[in-house]
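Novice: Attaching a predicted model along with its sequence, questions to come.
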Amino acid sequence: MRHFDLVIIGTGSGNSIPNEAMAGWDIAILEKGTFGGTCLNVGCIPTKMFVHTADQAAAPANAKKLGVDAHLDAVHWPQIRDRIFGRIDPISEGGRNWRANENANVIVYEGTAKFVDAHTIDTGTGETITADRIVVAAGSRPTVPEVADIETTGFHTSDSIMRLDELPKSLIILGSGFIAAEFAHVFSSFGVQVTVIARSNLLLRHEDLEIAQRFTDVARTKWDVRLQRKTIRAEKTGTGVRLHMEGPDGAETVEADQLLVATGRQPNTDLLDVAKAGIELHDDGRIKVDEYQRTSRPHILALGDISSDYQLKHVANHEARVVQHNLLHPDEPMRSDHRFVPAAVFSSPQIASVGLTEEQAKARGIRYVTASQAYASIAYGWAMEDTTGFAKLLADPATGQLLGAHIIGPQASSVIQPLIQAMSFGLDAKSMARGQYWIHPAMPELVENALLNLPLD
Ligand SMILES: Cc1cc2nc3c(=O)[nH]c(=O)nc-3n(C[C@H](O)[C@H](O)[C@H](O)COP(=O)(O)OP(=O)(O)OC[C@H]3O[C@@H](n4cnc5c(N)ncnc54)[C@H](O)[C@@H]3O)c2cc1C
Ligand SMILES: NC(=O)c1ccc[n+]([C@@H]2O[C@H](COP(=O)([O-])OP(=O)(O)OC[C@H]3O[C@@H](n4cnc5c(N)ncnc54)[C@H](O)[C@@H]3O)[C@@H](O)[C@H]2O)c1
């Protein structure tokens with residue numbers, strides 16, 4: 001049986017761990033799917049390439065209020081799809097070739113790995129291997145909700161929807177989180193009739209309440225938004241799919257050409273038989289790790305979606321850097337820093353957030369002051385004629401330190417970055433607002449004014 005110094009399961013963020021300092025180590029990398037993992041192949045990167053294209057497709061309709069008559073002539077779905085994957089697929093293949101053929105100390109096993117015991121792994125290729133240390137970076141996959149006949153009716157998830165043969169005329173999106181919000185924007189901007197079905201009374205319910213409320217209000221002007229619906233059954237029709245639901249007004253149905261299920265993601269621990277390694281799990285199936293990314297078996301480390309509180313690529317990458325350091329420097333390990341984890345929803349409008357929501361501050365009994373600033377009241381907001389965007393901040397009244405920042409509106413994912421920086425480096429709101437120039441009349445004036453609006457001494 002072949003023995004390795006290090007085995008890494010999963011080629012998403014896990015693939016970034018082997019570096020030159022490990023050139024003398026025997027390393028095995030195990031992958032069951034497409035090399036490069038979720039973000040590159042079916043996640044962040046293709047979705048944002050579609051979102052940018054959707055922003056362009058939506059631009060003519062938005063230009064009207066500025067006095068510009070423009071018209072969207074056509075959306076060439078196959079060309080868009082092939083442009084995006086024509087760029088991504090070679091990157092994945094190149095990454096695979098580099099690891100498999102050009103890294104002298106790395107062997108790639110392409111199969112579904114399973115633990116045999118805490119040091120032994122069945123690679124799923126017919127070969128079983130052993131290792132001194134193991135990194136589990138096996139990610140997550142879409143959850144399919146319990147809806148009668150959904151499997152036989154057929155549906156898409158984020159894994160398949162971006163590779164459709166043709167653009168549907170209509171699309172039902174089941175779910176109301178990140179993926180639902182982003183794909184609703186993409187497909188509706190391409191002219192598809194979109195219905196979004198939510199169990200709760202708001203879309204993006206994890207956001208600060210005022211942000212989720214505003215997003216839901218705007219969404220209702222563009223998409224058929226059905227809130228507080230329980231989906232009971234799916235049914236195949238001559239042209240697509242019909243869903244049977246229970247809602248506030250009783251039973252109802254909705255039909256479309258295609259169905260996208262976007263109801264969350266589950267960790268891939270079940271595929272790995274982790275019980276055989278004696279690794280402890282959370283109730284939701286995630287691997288339990290300590291601040292050094294060590295599992296309950298200290299020679300096994302875990303990172304990213306399979307263990308993290310956050311299903312975000314920048315978090316998986318951060319945790320991979322921590323794991324890499326701790327493998328190389330076991331006597332001087334570093335801790336993961338999850339204090340100020342930002343996230344953005346690349347929909348329309350965009351949303352970005354970091355730190356506490358107002359509801360979390362209240363629930364935890366944390367003292368806070370809050371202030372908002374509308375895009376409509378800054379000069380660049382006038383330029384864009386924005387009427388719905390705003391920034392909302394929470395700060396500690398005693399120290400002026402920021403506790404949370406939430407932005408809904410144009411380029412929110414970029415506009416929020418100085419607030420993430422201030423929180424990460426402990427800059428208080430007043431020093432931040434008045435201790436630097438803010439380029440006039442640019443979008444970050446939204447942040448400057450929100451900071452100045454905070455009722456701080
Ligand atoms: C549609 C979508 C859009 C997203 N957009 C964003 C975004 O804009 N920004 C952001 O921060 N995050 C985004 N995310 C989340 C982000 O993609 C994930 O948090 C991140 O990719 C997780 O990385 P990972 O390394 O933990 O897992 P992954 O990248 O999923 O890698 C795990 C790998 O392990 C392999 N594997 C699993 N089980 C086994 C096994 N038993 N044996 C061998 N191999 C196995 C899998 O095939 C996979 O390749 C998005 C996710 C989706 C689905
Ligand atoms: N921009 C980004 O960073 C980005 C983009 C996409 C995905 N992601 C990551 O991927 C994860 C998965 O995304 P997601 O949108 O699938 O999950 P999510 O957790 O964001 O949202 C899932 C939604 O589905 C709802 N839901 C669950 N079961 C349901 C049912 N039976 N019927 C109707 N609704 C139901 C939930 O209430 C929730 O609103 C996200 O949590 C996020 O961390 C990030």
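Specialist: Here it is on my side, so go on. Ligands and ions are numbered 1, 2, ... in the order given.

Novice: Ramachandran coordinates for the residue in the stretch 101-250 of the chain positioned nearest to ligand 2?
Specialist: Nearest residue of the stretch 101-250 of the chain to ligand 2: Gly177, at 1.9 Å (Cβ to the nearest ligand atom). For the C-beta atoms, the positions are set from N, CA and C on the backbone; glycine is no exception. Dihedral angles of Gly177 (phi, psi; degrees, to the nearest 10) stand at phi -100, psi -150.

Novice: burial of it, as a residue count?
Specialist: Using other Cβ atoms under 10 Å, Gly177 is surrounded by 18 other residues.

Novice: Phe178 too?
Specialist: 23.

Novice: and it, how far is that from Asp73?
Specialist: Phe178 sits at a distance of 31 Å from Asp73 (criterion: Cβ to Cβ, to the nearest Å).

Novice: now do Phe340
Specialist: From Phe340 to Asp73 the distance is 44 Å (Cβ to Cβ).

Novice: These two: which has the busier surroundings?
Specialist: Comparing Phe340 with Asp73 by other Cβ under 10 Å, the one with more neighbours is Phe340, at 17 against 7.

Novice: Need phi/psi at that one.
Specialist: According to degrees, to the nearest 10, Phe340 has phi -130, psi 80.

Novice: ok, the residue of the stretch 101-250 of the chain closest to ligand 2 - contacts?
Specialist: Counting by Cβ atoms under 8 Å, 6 or more residues apart in numbering, Gly177 makes contact with 204, 206, 262-264.

Novice: Pull out the buried members of those.
Specialist: Buried by 16 or more other Cβ atoms under 10 Å: 204, 262-263, out of the contacts of Gly177.

Novice: Which residues are in contact with the residue nearest in space to the middle of the chain?
Specialist: Closest residue to the average C-alpha location of the chain: Leu312 at 4.8 Å, with Cα atoms, centre = their mean. Neighbour list for Leu312: 341, 343 [criterion: Cβ under 8 Å, 6+ apart].

Novice: Same check on Asn201?
Specialist: Shown in contact with Asn201 (Cβ under 8 Å, 6+ apart): 227-228.

Novice: now swap in Val415 and tell me
Specialist: Shown here is Val415, whose contacts under the criterion Cβ under 8 Å, 6+ apart are 352, 391, 407, 409, 443-444, 446-447.

Novice: With pLDDT, neighbour count and distance to Asn268 as extra columns, can I get the residues you listed in CSV?
Specialist: CSV is the format used below for the contacts of Val415 (pLDDT from 0 to 100; neighbours: other Cβ atoms under 10 Å; distance: Cβ to Cβ, whole Å):
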residue, pLDDT, neighbour count, distance to Asn268
Ala352, 99, 26, 28
Ala391, 99, 28, 37
Ile407, 99, 31, 33
Gly409, 98, 24, 35
Met443, 97, 23, 39
Pro444, 98, 19, 39
Leu446, 98, 28, 39
Val447, 98, 24, 38
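
Novice: Give the other helices and strands that the strand or helix carrying Thr370 contacts.
Specialist: Using DSSP states H and E, Thr370 falls within strand 369-374. Strand 369-374 sits against strand 390-395, helix 445-453, with contacts defined as 3 or more Cβ pairs under 8 Å, 6 or more residues apart in numbering; DSSP states H and E.

Novice: hmm, who's touching the last one?
Specialist: Contacts of helix 445-453 from elsewhere in the structure, counted by Cβ under 8 Å, 6+ apart, are 371-373, 375, 377-381, 389, 391-393, 407, 409, 415-416, 418-419, 429-430, 432-433, 438-439.

Novice: Buried residues of that helix, list them for me.
Specialist: For helix 445-453, a neighbour-count test (16+ other Cβ under 10 Å) marks 445-451, 453 as buried.

Novice: The closest residue to Met162 other than its chain neighbours: which element?
Specialist: Among residues not flanking Met162 along the chain, Pro46 sits closest, at 5.4 Å (Cβ to Cβ, 6 or more residues apart in numbering). Assigned by DSSP H and E, Pro46 belongs to helix 44-63.
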